[in-house]
Each structure stands twice: as C-alpha cells, then as structure tokens.
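Engineer: generate coordinates for the sequence data below:
(one chain, ligands or ions: 1)
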Amino acid sequence: MWLYVGLLLVVYFVFHKVFRRSSPSVNPFSGDTRRPPQPLVTDPEARKRLIHKGFTADKVPENLDAIVIGSGIGGLSVAAILAKAGKRVLVLEQHDQAGGCCHTFIKKGFEFDVGIHYIGELYERSFLRTLVDQITDGQLQWAKMDDVFDNVILGDQQTQRIYQVCGGNQNYRNCLKTQFPQETEAIDKFLELVKMISKKISLLVIIKMVPLLLARFLIRSGIIHWISSIFKLASTPLSDVVNKLTENKDLRAVMCYICGDYGVMPKEASFVMHATIIQHYQNGAWYPKGGASEIAFHIIPVIKKSGGDVLMRAPVQCILINKDGQACGVTVKKGKEEINLFAPVVISDAGIFNTYERLLPHELRSKPAIQAQLSMIRHGMGGFSVFIGLDGSKEELGLKAGNYWFYRENNFDELFSKYFALSKEDVAEGCPFMFVSFPSAKDPAWDERFAGKSNMVIVTLAQYEWFEEWKDERVKKRGEDYENFKMDIARRLLDRVTEYFPQLKDRIEYIRVGTPLSHEFYIASSHGEIYGANHDVSRFAPEAIASLRAKTPVKNLYLTGQDIFSCGFTGAIHGGVICASRVLHRNLYNDIKNLKKKMKKANEKKES
Ligand SMILES: Cc1cc2nc3c(=O)[nH]c(=O)nc-3n(C[C@H](O)[C@H](O)[C@H](O)COP(=O)(O)OP(=O)(O)OC[C@H]3O[C@@H](n4cnc5c(N)ncnc54)[C@H](O)[C@@H]3O)c2cc1C
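Structural biologist: Numbering: from 1, shown residues only. Model (predicted):
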C-alpha cells in the first residue's frame, strides 16, 4: 500500500517537473476567445485565399518558432495551440488544400468529404467542444445528427436484420436492450467495461507524457498493472471480451460493428481502443455545419493571428538536422527548386512511417530508438471510397442524418479474415462490408450551397497490394485496367446499397472512386493507410503506448496526429494536445479543464 502511494507521488512529482518549468510558457487557454459565429462564407475566392494558399518562398514568415509538416487536424490543432501561446508557426501541406482527412472536394456540382462523417462528444461544454471552440475562436458550428446515428445491417438482402444504435447515455443502453431483450445483463456488463475504461483513459495519455525512462520502469516492473487494469484490457482482443459476454451472434456483431471506424477485425483489435470509440459516440454524433472544410477554414485564422501561416503545394522532402544531431528545419520542393526553411522546433503530422522512413536522413533512420518504435507497429489497412452525386434533395430521396454499416455476416473475425486474404481477382465479388453515409443530409447548410442535390459516400477497407501494380503511374492516368478494376468493386458495393435504398437507383448522376493509391496521393498516407498505423493489440501493449509519443529520439523533432494516440478526428486532436503540451512544457489538459470551469462559472453568473 505505502509502496503504491509512494510511487504515485513519484509519478506526480515527475509529471509536474516535466510540465512546469522555472519560466512557464504562456497558457494558450487562459481566456475564452469565442466570438459570436459569423455567417457561412460561401464565396469560393474567400475560401481559396485561406485553404488553398500556395507555397512560395516569399510567403514564409520570418523568425519562425515552429514548422509543422502536414495540415491534418493533428497538424492544425498543434499549430493553433502554439499560436494561442504566442508562437509563430508555419504549416506546410503537400496537397493543394488544407485539412488532410478533413478536406473536401467539389466535382460536377457536388461536394464530398474525404474523411469526416461523424464525430462524438461535441455537446456543449464537453472537453472536446471547449478545445475545438477555442482553436476556431467559436466559429466552427456543429449539427447534431439523428438520434439513430448508426444502423447496422447484418446479412444479405434475403436474410438481413437491421439494428439501430441511438445516441444519449441511457438511450444508447435502452435502445440496445429493446432490440435484444434476452441480453440485458450482457449489455450492462459491456457498457460497465466501457465506462470503466473511459474513466481511466487519461492514464494512457499520462504514460505518453511522463519521461520514457519512468514509463518503462513502471511497465517493466509490472507496477503499471497495479495502477489500473486498463493496461491489461488494452492488450486484450475485443473478441475475447465480447465472446465471453454473450452467445448471441447478432449482439456480438452489434457490440463490434464500430471496429470499422479504426479498421481492425475484433480478434486483433484492442478492447480499450474499441471501448474508447463506443464511449465517444454514446451521447450521439455531430457533423460540421458547412462540411468538413470548415474545420481548416476556421483554424487557419487563429494560426495567422500570431504571424504564422498555412501554405499548400509544399511537399517536405526531408527534415534538416544540424551538426549536433538536432532537427532545425525542413527542405520543401517547389518545382525543380529545393528550399530550406529553419525553425527551432519541427513537428510532423505526416505519420510515423513517413516521418521516420522518408523524411529523416538515412543515418538517423537506423537509430536503435527509432527502429524500436517502428518495430512496435505496422501499416494499417488501405481505404476504398466511392463518392456518389445524387439528383434530388434529402426530402425527395428520403435520406436521413445517420450512417449505415453493412456486414454480410455476423461473424466479423471470419468475414474480415476471408476478405483480407482474397486475391486481387476475387475482390470485386468478395467485399463483404461497407459504411454508407449521406453527408448532405447531415449538413443544415447543404441546401444553401447545393440545392436540389444530395451526396452519398461508401467506404470500405482494401489491401494496398491489390492496387500496387499501378502505384508508379500518374494520378488520373493509371489506365483502363485500373479504372475497370476499381469501378467493378464500386458497382458491386452500389448494387447492395441500391437494394437497400431502391429509390436511389435512377438518381445517380456522378460516381468517383478512391483507392489506397488515392489516399497515398491526396493525403500522402504511407501505404494507402486509411487510419494511419494499424490499431491492433500490439499498438496498445503498454510498451508501445508509452513509446508512441510526441517527443522523438531526435531532439527538437516532435510527432502529432493519429499515430500518437489514436485515429479519428478526436484521436488526432489529442495527438495535437499531447504534442503542444510537450513543446510548451505545460499540461494543457489542466489548462483546458481550468478554462472549462471558468466558462461554466461565467455562464452561471450570466444566467443568475
Ligand atoms: C475515409 C475516411 C473516413 C473517416 N471517417 C471519420 C469519421 O467519420 N470520424 C472521425 O472522427 N474520423 C474519421 N476518419 C479518421 C480521421 O479523419 C483521421 O484519423 C484524422 O483526420 C487524421 O488526422 P491527422 O492529422 O493525423 O492526419 P491526416 O489528416 O492524414 O493529415 C496528414 C497531412 O500531412 C500531409 N503530409 C504528409 N506528408 C507530407 C509532406 N512530406 N509534406 C507536406 N505535407 C505532408 C498530408 O497531405 C495530410 O494532409 C476517417 C478517415 C478516412 C480516411
């Protein structure tokens, strides 16, 4: 007992020592910076000036405090937090638009999201909402989706069973119990485990933030398991937990369906990762008003306010290292020219594989500490998306603000194992699962921009190897075989969708298909990954949790985004907070919580 108390005191002391320097940095969350939201900006030129601003050497601000590689939410959030602490930050993006997975594109009069379909925990005054409000000065607006935010469809057209997943803590539980009245005990136990994990999840953040030596001592001595059972559950496969709770195969499937949100089959998924996502959506789901490009559109002004900027068409070729072995800048390719830019801090949102295997000079890649980190993770699955433009408004087409998950059978371990093992020739017929959503039905500002039209997105997983033979061809010029191959898969997926939504069959105006090669091109994801490094149990082993952190073995080089904590808008933004905490030597989690309290008090005063 005393040993335990003593150890907690040591952790507490070290934590404060790391995050409190003798001259503390500015608190980026010292005051509430929200302004009343301004009307949606629809003028394409005004939007272009911010989210498409191209890189040229003369646009680079002087005396930079930090350079961020990549403008995904992991990169933009860390840049905005540093900017709020008075730092001048330059974000460099290889694509022609800011946002990474949060960017959108417009084709033939339809707008499509690349990687944001729903986000949880955005109710007023939640931690996430407070953070997002502050890094957008309160300009980003959110629309709540329908109470039934996910529908799970098991089986084919003849055998299909449809289950609904509802938002609202008690509602979520009751909704499941109504559909599985014989299984109330299993549902309660499942949700108890989820709740326990949500209460202890901060331990996973802390272990990434304390000095690595201390984290390793706690892990290798086994003390970590005295502190909490969460570390054991992190290494426990989802299937092991769920299969013990119930024999009902449909309920098992409904407990597991959301594994599609991080792309790992239940027997390989970490129960903690899964529980975190279940908890994330328990109060329902939200969608950005005006579409996902609003995210970058409202964060960039906050970065600019401190003299920084976000510049596109700026592919970083390598990270510059000074004679002392410390990161000191980057090289950007502009046409045939290579331009060196310098800053005392370099942060990468480009993903751990890109950063270590492509951007670091050769001699540093082989550093044992870097190789050790890489050996703990592997590439995640690739993504396959079908973007469909529909003729008709949401009312005309009867579209809802919810998502649809189609699984051909209820044994997901078998389903995914068979699918992932398919040869390229069998893929088109074999794709047994997909996620379907209608962003236009979720966005209250859609009609203002695209009246009389709707959009639909289908997403599934795909092996990079199925498309690898075309990887060296130029984008949009990969030839007929490639076009036919991807269209074949898309058509089979669409057949199932139009069986379910027959009213859409004759309303399809536009189809565009993205493969792992598109991910590689547009968001520079290594190996066409859909959610970054794989989220399997090995990534959640205590040693891996502690090692995947913002501070890298190269001095002044930091990592942010989905490979630090987890994928998802929220996972990647936590990567940003962890990274900014490290750079500023502050515990920003405390700063945000304190601001939340202040705002609550101010609100109570106003209301009284
Ligand atoms: C199809 C799909 C659907 C999804 N749906 C959801 C959802 O509904 N809800 C949710 O919460 N999450 C969803 N996600 C996941 C979520 O979008 C991501 O996990 C998150 O946005 C990742 O953010 P990030 O900043 O870590 O990385 P990214 O968004 O990938 O950003 C990395 C950026 O770095 C840039 N970059 C890379 N290398 C270089 C270089 N050398 N030089 C310059 N720039 C470089 C890339 O171009 C990219 O813009 C989805 C993802 C996908 C792909």
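
Engineer: for the ligand, what is the nearest residue in the stretch 501-608 of the chain?
Structural biologist: Nearest residue of the stretch 501-608 of the chain to the ligand: Gly561, at 2.7 Å (Cβ to the nearest ligand atom). For every residue, glycine as well, the C-beta is placed using N, CA and C.

Engineer: SS state for that residue?
Structural biologist: coil (DSSP: H, G, I helix; E, B strand; the rest coil).

Engineer: who are the contact partners of the closest residue to it other than its chain neighbours?
Structural biologist: Spatial nearest neighbour of Gly561, chain neighbours left out: Gly74 (2.5 Å); criterion: Cβ to Cβ, 6 or more residues apart in numbering. For Gly74, the contact set (Cβ atoms under 8 Å, 6 or more residues apart in numbering) comprises Gly100, Asp349, Thr560, Gly561, Gln562, Ile564, Ala572, Ile573, Gly575, Gly576, Cys579.

Engineer: now the buried members of these.
Structural biologist: Gly100, Asp349, Thr560, Gly561, Gln562, Ile564, Ala572, Ile573, Gly575, Gly576, Cys579 (16 or more other Cβ atoms under 10 Å).

Engineer: the residue of the stretch 501-608 of the chain closest to the ligand and Gly75 touch, don't they?
Structural biologist: Yes: with contacts counted by Cβ atoms under 8 Å, Gly561 reaches Gly75, the gap being 6.5 Å.

Engineer: now the common contact residues for those two.
Structural biologist: Asp349, Gly576.

Engineer: returning to what we had before: state the phi and psi torsions of the residue of the stretch 501-608 of the chain closest to the ligand.
Structural biologist: Here is the backbone geometry of Gly561 (degrees, to the nearest 10): phi 90, psi -160.

Engineer: got it, and Ser30?
Structural biologist: The phi/psi pair for Ser30 (degrees, to the nearest 10) is phi -70, psi -30.

Engineer: contact partners for it?
Structural biologist: Contacts of Ser30 (Cβ under 8 Å, 6+ apart): Asp591, Leu595.

Engineer: could you measure from it over to the ligand?
Structural biologist: 26 Å (Cβ to the nearest ligand atom, to the nearest Å).

Engineer: quick one: check whichever strand or helix holds Ala296 for contact with the ligand.
Structural biologist: Following DSSP states H and E, one finds Ala296 within helix 293-305. No: Helix 293-305 lies out of reach of the ligand by Cβ under 6 Å from any ligand atom, never closer than 8.9 Å.

Engineer: list of residues touching that helix?
Structural biologist: Helix 293-305 is contacted from outside by 40-41, 47, 50-51, 71, 73, 76-77, 79-80, 83-84, 89, 91, 97-99, 102-104, 116, 135-137, 139-141, 288, 309-310, using Cβ under 8 Å, 6+ apart.

Engineer: give me the subset of those that lies in helices.
Structural biologist: Judged by DSSP state H, the subset of those located in helices is Arg47, Leu50, Ile51, Ile73, Leu76, Ser77, Ala79, Ala80, Ala83, Lys84, Ile135.

Engineer: give the helix, strand or coil label for the residue lying closest to Glu543 once chain neighbours are set aside.
Structural biologist: The spatial neighbour of Glu543 that comes closest, neighbours along the chain excluded (Cβ to Cβ, 6+ apart), is Ile219 at 5.7 Å. With three-state DSSP as the basis, Ile219 sits in helix.

Engineer: start the count at 8 instead of 1 going forward.
Structural biologist: Understood, numbering begins at 8; the last thing we discussed is Ile226.

Engineer: next up, the contacts around Ile226.
Structural biologist: Contacts of Ile226 by Cβ under 8 Å, 6+ apart are Ile214, Phe238, Pro549, Glu550, Ala553.

Engineer: of these - the most surrounded one?
Structural biologist: Highest neighbour count within the contacts of Ile226, by other Cβ atoms under 10 Å: Phe238, with 25 neighbours.

Engineer: flag every buried residue along the helix or strand it falls within.
Structural biologist: Using DSSP H and E, Phe238 sits within helix 237-241. Using 16+ other Cβ under 10 Å as the test for burial, helix 237-241 gives Ile237, Phe238, Leu240, Ala241.

Engineer: to the chain's geometric centre, what's the distance from that helix?
Structural biologist: Using Cα atoms, centre = their mean, to the nearest Å, the mean C-alpha position of helix 237-241 is found 22 Å from that of the whole chain.

Engineer: quick one: list the elements packing against the helix or strand following it.
Structural biologist: Counting by DSSP H and E, the next helix or strand C-terminal to helix 237-241 is helix 245-252. For helix 245-252, the packing partners by 3 or more Cβ pairs under 8 Å, 6 or more residues apart in numbering; DSSP states H and E come out as helix 191-207, helix 256-263, helix 278-288.

Engineer: average pLDDT for helix 245-252?
Structural biologist: Helix 245-252 comes out with an average pLDDT of 98.

Engineer: report the mean confidence score over stretch 217-224.
Structural biologist: Stretch 217-224 comes out at a mean pLDDT of 95.

Engineer: put the alpha carbons of it into PDB.
Structural biologist: C-alpha atoms of stretch 217-224 as PDB (Å, rounded to 0.1, in the frame of the first residue of the first chain):
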ATOM      1  CA  VAL A 217       6.000  11.200 -18.300                       C
ATOM      2  CA  PRO A 218       9.700  10.700 -19.100                       C
ATOM      3  CA  LEU A 219      10.100   7.500 -21.100                       C
ATOM      4  CA  LEU A 220      12.500   6.000 -18.600                       C
ATOM      5  CA  LEU A 221       9.900   6.300 -15.800                       C
ATOM      6  CA  ALA A 222       7.200   4.900 -18.100                       C
ATOM      7  CA  ARG A 223       9.500   1.900 -18.900                       C
ATOM      8  CA  PHE A 224      10.200   1.400 -15.200                       C
END
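
Engineer: thanks a lot, catch you later.
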